[in-house]
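Chemist: mind folding the following:
(chains A, B, C and D, ligands or ions: 4)
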There are 4 protein chains.
Amino acid sequence: MAGSIEQRKSEHIQITLNEKVTGDAITTGFESYTFIHNALPEIDFAEISTETEFLGHACRTPFLISSMTGGTALAETINRNLAEAAEERGWALALGSTRALLDSDGHPPSFLMRKYAPSVPIIANIGAVQFNYGYGTEECRRIVELTEADMLVLHLNSIQEVIQDGGDTNFRALLGKIEMLCAGLGVPVGVKEVGWGIDGETARQLTDAGIAFVDVAGAGGTSWSQVEKFRSEDPVRRAAAEAFSEWGIPTADSVRMVRPEIGGRPLVASGGMRTGLDAAKALALGADFVGFGRSILKEATQSTEDVLESMAVREMELRMAMFGIGASNLRELMDTPRLVRKDF
Amino acid sequence: MAGSIEQRKSEHIQITLNEKVTGDAITTGFESYTFIHNALPEIDFAEISTETEFLGHACRTPFLISSMTGGTALAETINRNLAEAAEERGWALALGSTRALLDSDGHPPSFLMRKYAPSVPIIANIGAVQFNYGYGTEECRRIVELTEADMLVLHLNSIQEVIQDGGDTNFRALLGKIEMLCAGLGVPVGVKEVGWGIDGETARQLTDAGIAFVDVAGAGGTSWSQVEKFRSEDPVRRAAAEAFSEWGIPTADSVRMVRPEIGGRPLVASGGMRTGLDAAKALALGADFVGFGRSILKEATQSTEDVLESMAVREMELRMAMFGIGASNLRELMDTPRLVRKDF
Amino acid sequence: MAGSIEQRKSEHIQITLNEKVTGDAITTGFESYTFIHNALPEIDFAEISTETEFLGHACRTPFLISSMTGGTALAETINRNLAEAAEERGWALALGSTRALLDSDGHPPSFLMRKYAPSVPIIANIGAVQFNYGYGTEECRRIVELTEADMLVLHLNSIQEVIQDGGDTNFRALLGKIEMLCAGLGVPVGVKEVGWGIDGETARQLTDAGIAFVDVAGAGGTSWSQVEKFRSEDPVRRAAAEAFSEWGIPTADSVRMVRPEIGGRPLVASGGMRTGLDAAKALALGADFVGFGRSILKEATQSTEDVLESMAVREMELRMAMFGIGASNLRELMDTPRLVRKDF
Amino acid sequence: MAGSIEQRKSEHIQITLNEKVTGDAITTGFESYTFIHNALPEIDFAEISTETEFLGHACRTPFLISSMTGGTALAETINRNLAEAAEERGWALALGSTRALLDSDGHPPSFLMRKYAPSVPIIANIGAVQFNYGYGTEECRRIVELTEADMLVLHLNSIQEVIQDGGDTNFRALLGKIEMLCAGLGVPVGVKEVGWGIDGETARQLTDAGIAFVDVAGAGGTSWSQVEKFRSEDPVRRAAAEAFSEWGIPTADSVRMVRPEIGGRPLVASGGMRTGLDAAKALALGADFVGFGRSILKEATQSTEDVLESMAVREMELRMAMFGIGASNLRELMDTPRLVRKDF
Ligand SMILES: Cc1cc2nc3c(=O)[nH]c(=O)nc-3n(C[C@H](O)[C@H](O)[C@H](O)COP(=O)(O)O)c2cc1C
Ligand SMILES: Cc1cc2nc3c(=O)[nH]c(=O)nc-3n(C[C@H](O)[C@H](O)[C@H](O)COP(=O)(O)O)c2cc1C
Ligand SMILES: Cc1cc2nc3c(=O)[nH]c(=O)nc-3n(C[C@H](O)[C@H](O)[C@H](O)COP(=O)(O)O)c2cc1C
Ligand SMILES: Cc1cc2nc3c(=O)[nH]c(=O)nc-3n(C[C@H](O)[C@H](O)[C@H](O)COP(=O)(O)O)c2cc1C
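Modeler: Ligands and ions are numbered 1, 2, ... in the order given. Okay, here's the model as predicted:
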């Protein structure tokens, strides 16, 4: 069982690195927005601050590495490179689905990243649907303890489970179970999608259930029907996956839908984020944090240095966008009236 | 005469399989709509039901095979493959124009599909314009009897008749004759186009005349001016056909126009339907049933198994779309507020 | 002098036949309109009538051949082919600029088309700007007499004159002179552009001045800055011409602008008209007649038969469009509510 | 120090001439506007006047050469070609950043253009940010004196300074220093961007500070993040520059934003201006003058004659646009109601 999860995880990495896994006829939506440049920013670039906090954890940037991997040898390298870099630049670190942790006999070292990232928030991850397949608060508590995570994020991935051979597709009555988990776990519980986004009503229901944050993981980046298409052995599901290449709520739309529904809880914009300029747009649209997934994966397979450079570029882009509109800190960026639709 | 119909039917199959017969600068319009994904569907994929009924006939899916062919040897193979598959998966089956049935001496076996599809609705087909060329209620009754059909659909194909060498182009005063047929035939009579769609006002008039259902057969798929262009020997009509490659009401628009005008009568969305995701959009826009024509023809020339797989893909896509928005049955899909225009 | 006009005319024909003379980033605008198909037209295709009249002349079609040429040997062939075909199918015939008629010693036979087209309206043509260069009512009267024309159309071609080496560019105070001509000539006087269109205000001023009809000759077809670009020997004007490739009022827009400003006077839609479907749209938008220029030129260099076939295609397309919306005559086409913008 | 400025200037010329330095997914916005052609202009092309004045200086055209270069040998050739041509055709001439003038020991002849352009307005140039790096009113006065300029324009180039290795990025509190300079310099002081545009609010603040004119230097032409990308040795800034290829306020939008905020002060439209038709649109949108940068640079490296021809083309295009709408002078062009958005 653990073996099959391991193989699946390896294939996911290979496919997302090497195949065309983005959707068709769908984008994040950020390309429709533009900042109105401020030619006279009246600030010093050197003094721009991107400091913020995430559920009580002080952070040097509003950036996090999206849940990706774990459970294999390559995953260990990837996660270590990500963890060391996250620690050095002050990014939050989300781990890939930590279900393998419990299913395996030993404790896969690929999930034990606290030693490389002692000071930044670490977020453990598990599929919400597992609550219909034998998992509960107890299992989540063990995952959090083993990973020394500060919080847990549940992923919602209905369409992926359908395409995946042998996927877990009973998504009945999960809301009540999420509510119980939030009440009982002891650390904050967030919810994320995996690339199809979250709408406003769902975000509100999850908030009422006690969720501490929402990561929209919207459409326009990695499309998990595309990824699973490459893995499936069933021609029917392979063909059907193709039609879903356009599915999902574009990340920018998802951010706008969710923002008014979750009160002051942190909103993470992710799904297809590529640059710090996209990130700046997301923050100005209502996000508090921005997550990067596949766009930082290749560097993670290479070295900590490669990850660090890629992180530095995104930070530079964010600071340049802030400079360009004269925002010296994130509050000013989030409150800016300078983000407009391109057809204004 | 029957010989010439036979040859025409063969050519139609060859041309639609091998030539570029879709229009230019026209689409079905479904690409402008998108579903707002529901990340927390709260349903079990395995329990999704696509059951429905069509004029009193219980159906396992809201899908039908559009009228295509009959009257030739190849047509017999095609229709048998379609009929066997329709029976196995519970699709409704519309036959191609059954006029050849009466014009020929024997009874072309290509139309006698009831033995292969004993339980699903079978729909016989004839051109409405034939009522101006010697056909009437009596002929229609014989067609229904011979084919053992549950109902009859009349096709309206004005532009095709003009391009076709020797086409029947007197479309005068058909409404009254349709009214008489509806009153006298004894089985339900529907109306369809062949790829240029039906507008709201026409649908209302037809409803007032007693029509039992409307199949819009809109634009965006097979363009019959394009098809006849390849057959015509008249350079004038060939050139004129080209200009009509953009003609017609896109299927999505036709569905929206017709829906409010026909009361509770079944509305079939067809014309350019390719996937179950398109189908789901059509159902959410107001259709009750969805018809597939040319997009299933190639499989039909091959084998029952190929048709079956193609059907399974469309059903899977429909169920995935329902899962993606949390609809566990067709009523919930039809009532969903989650279908929006992409520029929402 | 006449020699140089002759050469210019030859070059115009060669260039428009062989070079890329359409504008960039500009279209006629008809592609933005679509007819709502009427699946049940309730008319007989064979009984569709395209009869109309133009300033008292009964016409079998609402089509005219736009002013093109004259004054050279090739022009004589072209005009004869056009004239014979116009006579046979009942199209109106506009001659190219007849200025050469007066400037030359003999009477160029290329303008004397009445013998080939005894019964259809013939329209003589001269540039309005010539009234600032020595021409007046007397010269126009001679032109009409020599050509045995039924009316005269003045062309307005300001931008062309600028690009043309040695063009006549004093367009001062022409309105008053046009008014005098209209009062004194004795046959109806119309006005046309040459591919940049006429706006509503200008059309109203011309109507007040006594003009009998307006031919918009809008943008989207032949661009005369592009044509003259190939002829000019001045690098400055050649380069400047290029920038005007986007200039002009799209024909569809021009029709809509002019229609309400000229009372019941005939409105000719021309400029980039290619098919009878375009023509049908123009008529439904407010035009009374439709003119074809360059799109019929190649056939005119070949034979009367080629022109005839090309005419038959356009007539067939017009009748098909009428059939497709259930209009049995031009009045019903012009009054149809079935023409809509594509983004309706 | 002066040496490094020299090298930078050379590289700027080489890169802008030879590399792809325009942005992606951004245009000037002028392509969205079109003039409604006036077929009956009632004016004489020969009498069209483009005369105007700029801050009291009579000018034969509303055109200026944007600040480009100085300080190198090639710059001397370029500037001399530009200056001689500007004098001959009556264009205003803006010099490249004249900071090198003060930093170097000698007085670089490339800035001393008054002898070649005795009668047209000459505009000296320096980066506003230099007021935070040791420059003040005194230095500006020397620059104006040495260059014999009629006025000074300050450039605002925040994003460029960030990408540039060792750029000056403290843009704090510049407004007050600009205000002091305006009060104390004795010649008019303008402000310009370098390709990202100026918004309305910033323009109003600068006006309140005493600025005499605003040159928007908007986006859609040369992108200075693209230019500096080719020069930077830092992979982080090179990558970040790429993301800013879409940054900036399109020139047409910037003109519309700034116009209502600066009272009667002259507004220069620049940034991506290529033709006199673009210029005409800018003037009709609210500009008083139009500046050309990179689109005239290649000619400037060649000869005075090449510059002259390029100037003649733009003037011809402007006059043709005026002819096309019947405007005989710039006031009529600026007041025309004939400029509309293409989707009117
Ligand atoms: C290789 C790979 C593995 C992933 N594994 C997980 C996972 O285990 N749990 C999860 O919630 N999301 C997982 N994701 C989804 C990402 O967290 C993210 O939501 C999605 O890829 C969209 O973001 P992107 O476009 O930036 O890649 C994975 C993504 C990738 C590329
Ligand atoms: C080979 C072929 C034969 C057809 N024959 C008929 C016919 O006999 N009667 C009819 O009503 N429609 C006929 N049609 C039209 C289809 O029923 C359908 O309305 C049209 O092709 C548009 O749907 P599509 O885009 O899915 O092909 C035929 C279509 C095809 C491809
Ligand atoms: C070869 C050629 C010669 C033309 N000569 C004249 C002319 O003498 N007088 C005139 O009013 N228009 C002349 N035109 C312009 C046409 O009448 C017409 O207005 C213009 O070409 C736009 O229509 P089109 O796009 O259908 O060609 C000429 C056009 C062509 C192609
Ligand atoms: C080679 C080159 C050098 C430039 N140097 C300066 C400069 O020194 N000072 C300045 O204000 N702008 C400078 N610019 C910017 C231009 O003045 C102009 O604002 C910008 O290039 C956008 O206009 P364009 O698209 O017409 O090139 C330079 C531009 C070029 C192409």
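Chemist: hey, let's count contacts and neighbours off CA atoms from now on
Modeler: Fine.
Chemist: how about low-confidence regions in chain A?
Modeler: Of all residues in chain A, those with pLDDT under 70 make up the ranges A:1-3, A:105-107, A:344.
Chemist: could you redo the last one with a cut-off of 80?
Modeler: Along chain A, segments meeting pLDDT under 80 span A:1-5, A:70, A:100, A:103-107, A:343-344.
Chemist: tell me the residue furthest from the middle of it?
Modeler: Computed with CA atoms, centre = their mean, the residue of chain A farthest from its C-alpha average is residue A:40, at 34.9 Å.
Chemist: mind checking which helix or strand that one is in?
Modeler: Assigned by DSSP states H and E, residue A:40 belongs to no helix or strand.
Chemist: gap between it and ligand 4?
Modeler: According to CA to the nearest ligand atom, to the nearest Å, residue A:40 stands 14 Å off from ligand 4.
Chemist: could you list every residue that touches that residue?
Modeler: Residues in contact with residue A:40 (CA atoms under 8 Å, 6 or more residues apart in numbering or on different chains) are A:326, D:156, D:158, D:171, D:174, D:175, D:202.
Chemist: what distance do you get for it to ligand 3?
Modeler: Remark: distance between residue A:40 and ligand 3 (CA to the nearest ligand atom) = 50 Å.
Chemist: report the buried residues of stretch A:81-89.
Modeler: Across stretch A:81-89, burial judged by 16 or more other CA atoms under 10 Å in any protein chain shown covers A:81, A:82, A:83, A:84, A:85, A:86, A:87, A:89.
Chemist: equivalent analysis for stretch A:323-343, please.
Modeler: For stretch A:323-343, using 16+ other CA under 10 Å, the buried residues are A:323-331, A:333-334, A:336, A:338-339.
Chemist: can you tell me if it touches chain B.
Modeler: No: applying CA under 8 Å from any CA of the partner chain, one finds stretch A:323-343 separated from chain B by no less than 12.3 Å.
Chemist: start and end of that stretch, how far apart?
Modeler: 23 Å (CA to CA, to the nearest Å).
Chemist: please export the C-alpha coordinates of stretch A:99-115 as PDB.
Modeler: Extracted in PDB, the C-alpha atoms of stretch A:99-115 (Å, rounded to 0.1, in the frame of the first residue of the first chain):
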ATOM      1  CA  ARG A  99      -0.600  10.100   4.700                       C
ATOM      2  CA  ALA A 100       2.400   7.900   3.800                       C
ATOM      3  CA  LEU A 101       3.800   8.700   7.200                       C
ATOM      4  CA  LEU A 102       1.200   6.600   8.900                       C
ATOM      5  CA  ASP A 103       0.800   3.900   6.200                       C
ATOM      6  CA  SER A 104       4.500   3.000   6.200                       C
ATOM      7  CA  ASP A 105       6.300   1.100   8.900                       C
ATOM      8  CA  GLY A 106       9.300   3.300   9.400                       C
ATOM      9  CA  HIS A 107       8.900   7.100   9.400                       C
ATOM     10  CA  PRO A 108       9.800   8.300   6.000                       C
ATOM     11  CA  PRO A 109      12.500  10.900   6.500                       C
ATOM     12  CA  SER A 110      11.200  12.900   3.600                       C
ATOM     13  CA  PHE A 111       8.600  14.400   5.900                       C
ATOM     14  CA  LEU A 112      10.800  15.200   8.800                       C
ATOM     15  CA  MET A 113      11.900  18.700   7.800                       C
ATOM     16  CA  ARG A 114      11.800  20.500  11.100                       C
ATOM     17  CA  LYS A 115      15.500  20.000  11.600                       C
END
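Chemist: hmm, back to that, please flag which of the buried residues of stretch A:323-343 sit within helices.
Modeler: A:323, A:324, A:325, A:330, A:331, A:333, A:334 (DSSP state H).
Chemist: just give the closest residue to the third one, not the sequence neighbours.
Modeler: Once flanking residues are discounted, residue A:325 sits nearest to residue A:38: 4.7 Å by CA to CA, 6 or more residues apart in numbering or on different chains.
Chemist: for stretch A:39-55, buried residues please.
Modeler: Quick answer for stretch A:39-55 (16+ other CA under 10 Å): A:39, A:40, A:41, A:42, A:43, A:44, A:45, A:48, A:49, A:50, A:52, A:54.
Chemist: nearest to residue B:25, of the residues you listed?
Modeler: Closest to residue B:25 out of the buried residues of stretch A:39-55 is residue A:39 (43.1 Å), distances taken as CA to CA.
Chemist: torsion angles phi and psi at the closest one?
Modeler: Dihedral angles phi and psi of residue A:39 (degrees, to the nearest 10) take the values phi -70, psi -20.
Chemist: is it true that it touches residue D:202?
Modeler: Yes: contact criterion CA atoms under 8 Å: residue A:39 and residue D:202 qualify, at 7.2 Å.
Chemist: show me the contacts for the residue of the stretch 201-344 of chain A found nearest ligand 4.
Modeler: Of all residues in the stretch 201-344 of chain A, residue A:324 sits closest to ligand 4, at 16.5 Å by CA to the nearest ligand atom. Going by CA under 8 Å, 6+ apart, residue A:324 touches A:37, A:38, A:39, A:41, D:158, D:159.
Chemist: neighbours around the second one, how many?
Modeler: By other CA atoms under 10 Å in any protein chain shown, 26 other residues sit near residue A:38.
Chemist: same deal with the last one?
Modeler: Residue D:159 is flanked by 26 other residues according to other CA under 10 Å.
Chemist: got the buried residues for stretch A:274-286?
Modeler: A:274-286.
Chemist: ok, now how distant is residue A:88 from residue A:305?
Modeler: Residue A:88 sits at a distance of 10 Å from residue A:305 (criterion: CA to CA).
Chemist: actually residue A:335, sorry about that
Modeler: Remark: distance between residue A:335 and residue A:305 (CA to CA) = 34 Å.
Chemist: wait, residue A:160 touches residue A:222, no?
Modeler: No: using CA under 8 Å, residue A:160 makes no contact with residue A:222, being 11.7 Å away.
Chemist: quick one, helices of chain A?
Modeler: Secondary structure of chain A (DSSP H): helices at A:2-18, A:73-89, A:99-103, A:137-147, A:158-163, A:174-184, A:200-208, A:224-231, A:235-243, A:251-258, A:276-285, A:297-302, A:304-325, A:330-334.
Chemist: next, format those as JSON lines and append distance to residue B:228.
Modeler: Below are these laid out as JSON lines (distance: least, CA to CA, whole Å):
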{"stretch": "helix A:2-18", "distance to residue B:228": "45"}
{"stretch": "helix A:73-89", "distance to residue B:228": "59"}
{"stretch": "helix A:99-103", "distance to residue B:228": "60"}
{"stretch": "helix A:137-147", "distance to residue B:228": "65"}
{"stretch": "helix A:158-163", "distance to residue B:228": "41"}
{"stretch": "helix A:174-184", "distance to residue B:228": "55"}
{"stretch": "helix A:200-208", "distance to residue B:228": "50"}
{"stretch": "helix A:224-231", "distance to residue B:228": "38"}
{"stretch": "helix A:235-243", "distance to residue B:228": "30"}
{"stretch": "helix A:251-258", "distance to residue B:228": "45"}
{"stretch": "helix A:276-285", "distance to residue B:228": "50"}
{"stretch": "helix A:297-302", "distance to residue B:228": "53"}
{"stretch": "helix A:304-325", "distance to residue B:228": "57"}
{"stretch": "helix A:330-334", "distance to residue B:228": "60"}
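Chemist: for ligand 2, what's the nearest residue on the stretch 201-344 of chain A?
Modeler: Closest point on the stretch 201-344 of chain A to ligand 2, by CA to the nearest ligand atom, is residue A:243, at 16.7 Å.
Chemist: pretty sure that residue contacts residue B:275?
Modeler: Yes: with contact defined as CA under 8 Å, residue A:243 reaches residue B:275; the gap is 6.9 Å.
Chemist: anything in contact with each of the two?
Modeler: Common contacts of residue A:243 and residue B:275, defined by CA under 8 Å, 6+ apart, comprise residue B:317.
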